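> Return a 3D structure for these sequence lines:
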Amino acid sequence: MDKTDLLIQLQSLRLKLHEIAEARGSLTDPDVLAISEEADQLIVALQYIQRNEVACSSMRKSE
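As a prediction, this is how the structure comes out:
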């Protein structure tokens with residue numbers, strides 16, 4: 001999965017998280033927490049991609 005796909009999924013989860021948290025009236029509802037954990041996994045994946053992009057860019061500049 002590429003960066004754009006991950007960003008789209010993260011945006012979708014963010015909206016879903018907001019809707020469910022508002023509907024349930026609790027940030028500690030199990031469904032809210034499950035979505036939050038899924039979003040966290042996407043964020044980590046995006047950070048990994050970003051770190052690799054920066055590392056590759058730095059390597060190209062030093063050549």
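> going forward, measure contacts between C-alpha atoms and count neighbours the same way
Will do.
> Contacts made by stretch 48-63 with the rest, please.
Contacts with stretch 48-63, where a contact means C-alpha atoms under 8 Å, 6 or more residues apart in numbering, come from K3.
> quick one: average confidence on it?
Mean per-residue pLDDT for stretch 48-63: 82.
> same thing with stretch 1-17?
Stretch 1-17 comes out at a mean pLDDT of 94.
> residues of that stretch that come out buried?
Buried residues in stretch 1-17, counted by 16 or more other C-alpha atoms under 10 Å: 6, 10, 13, 17.
> so how far is E37 from L27?
12 Å (C-alpha to C-alpha, to the nearest Å).
> okay, those two: which has more neighbours?
Counted by other C-alpha atoms under 10 Å, L27 and E37 do not tie: L27 has more neighbours, with 15 against 12.
> The more buried one: what secondary structure?
Recorded secondary structure, L27: coil (DSSP: H, G, I helix; E, B strand; the rest coil).
> Look up the closest residue to it, ignoring the ones flanking it.
Spatial nearest neighbour of L27, excluding adjacent residues (C-alpha to C-alpha, 6 or more residues apart in numbering): A21 at 5.6 Å.
> and the helix or strand where the one you found lies, C-alpha only, in PDB?
According to DSSP states H and E, A21 maps onto helix 3-24. The C-alpha coordinates for helix 3-24 follow below in PDB (Å, rounded to 0.1, in the frame of the first residue of the first chain):
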ATOM      1  CA  LYS A   3       1.400   6.600   1.100                       C
ATOM      2  CA  THR A   4      -1.600   8.100  -0.600                       C
ATOM      3  CA  ASP A   5      -3.800   5.000   0.100                       C
ATOM      4  CA  LEU A   6      -2.700   5.100   3.800                       C
ATOM      5  CA  LEU A   7      -3.600   8.800   4.000                       C
ATOM      6  CA  ILE A   8      -7.000   8.200   2.500                       C
ATOM      7  CA  GLN A   9      -7.600   5.300   4.900                       C
ATOM      8  CA  LEU A  10      -6.500   7.400   7.900                       C
ATOM      9  CA  GLN A  11      -8.800  10.300   6.900                       C
ATOM     10  CA  SER A  12     -11.700   7.800   6.600                       C
ATOM     11  CA  LEU A  13     -10.900   6.400  10.100                       C
ATOM     12  CA  ARG A  14     -10.600   9.900  11.600                       C
ATOM     13  CA  LEU A  15     -14.100  10.700  10.400                       C
ATOM     14  CA  LYS A  16     -15.500   7.400  11.600                       C
ATOM     15  CA  LEU A  17     -13.800   7.800  14.900                       C
ATOM     16  CA  HIS A  18     -15.300  11.300  15.400                       C
ATOM     17  CA  GLU A  19     -18.800  10.100  14.400                       C
ATOM     18  CA  ILE A  20     -18.700   7.000  16.700                       C
ATOM     19  CA  ALA A  21     -17.200   8.900  19.600                       C
ATOM     20  CA  GLU A  22     -19.900  11.600  19.300                       C
ATOM     21  CA  ALA A  23     -22.700   9.000  19.000                       C
ATOM     22  CA  ARG A  24     -21.500   7.000  22.000                       C
END
